[in-house]
Structure formats: structure tokens, C-alpha cells
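*Asks:* prediction below, plus the sequence it came from.
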Amino acid sequence: MSKWPGVSFYVTMALVVALDQATKAWATAWLEPIRYFSLVPGFFSLSYVENTGVAFGMFAHEEWFVEAFVAVLALVAIYYLRGMNWTSWEPNVVGGMLCGGALGNLIDRWRLGHVVDFFDAHISAWQVSWPVFNVADSLICIAVGWIVLRQFFGGKER
């Protein structure tokens, strides 16, 4: 049993951070001046948003809470990760996605004071809208979804 992440963890994490930061740089350069661009009318747009809150914009403008929340999450993650078996590809890739996404958003917070979000999914006809998100958010959700599914359907490996 390996107690440390493998190379694939760090490669995945680096790729996620690079893709996230590149798309946010593009969104800032191209989308910030125009703020909105419809790709699939009524369903999907690009909307430039500066998110000062945590997930889905919750606790916007509550910097002390956001910082404390992130610190607690980091401590819980470190505690949980120290007992993992890192020998297979799955914890390395999924962990790299999760950590890379978190790091991508953290870089924005440190550098800009907010997170750049720009994917805008909605169903205009029913006035249903998902909060605007980014690449990091997407990969965090995929990783967490994978972890949850593995807990329910993981078999004897759990």
C-alpha cells in the first residue's frame, strides 16, 4: 500500500490547474468586456461573473467565513488522504481532479480576490438557471460525484 500519491495525481492536478487558469484568462480577456455571449439560445451561454463566495456564490462578501471554510476543508482533506491507498489509478486521477480544481479556484482568490466563472447553463422557457461555473468547479463536481458513486457501488474495495 502506497501512502503517497503517484505521478498521475500530480500530472492530473497540473493539467486541471493549467486548463482552468487558461480558460479563466480567456474569459477575462474576451468575455469580461462583453459580459455575455449566447451559445445555445435559451440553454447555454458564456457569462462573465466574479464570484466572491464559495460554491454557487454562497457567502459572497463574507471573506472571513470563506477563508475559515477553506481552511477547515483543507484540514479534513489532509486527515482523510493520509490513510488512502494510492496504488491504483483511480484515487490518483480523481484526487488530482479534486485538488487541481480546488487549487485553480484558490489561485483566483489569492490573485484576484474572486473566482472567475463563465459557464451559464439555464432553461429560459422555464426560468430555471444553474449558478454560473468554471472548469475547476466542473472537475470538482465530477470528482465528488465519482467518490460518492464509489461509496455506493464500490464493492469490496471500500
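*Replies:* Sure, I can see it. Numbering: from 1, shown residues only.
*Asks:* so what touches the helix or strand of the chain with the lowest mean pLDDT?
*Replies:* Within the chain, no helix or strand scores below helix 63-81, which has a mean of 78 by mean pLDDT, DSSP states H and E. Under the criterion Cβ atoms under 8 Å, 6 or more residues apart in numbering, residues 52, 53, 54, 59, 95, 102, 106, 109 lie in contact with helix 63-81. Bear in mind the C-beta positions are built from the backbone N, C-alpha and C, glycine included.
*Asks:* if we use 6 Å, what do you get?
*Replies:* 54, 59 (Cβ atoms under 6 Å, 6 or more residues apart in numbering).
*Asks:* what's the angle from the helix or strand just after it to helix 63-81?
*Replies:* Scanning forward in sequence from helix 63-81 by DSSP states H and E, the next helix or strand is helix 89-112. Interaxial angle, helix 89-112 versus helix 63-81 (axes from the mean of the first three to the mean of the last three Cα atoms, to 10 degrees): 160 degrees.
*Asks:* chain center to helix 89-112, what's the gap?
*Replies:* For helix 89-112, the distance from its own C-alpha centre to the chain's C-alpha centre is 7 Å (Cα atoms, centre = their mean, to the nearest Å).
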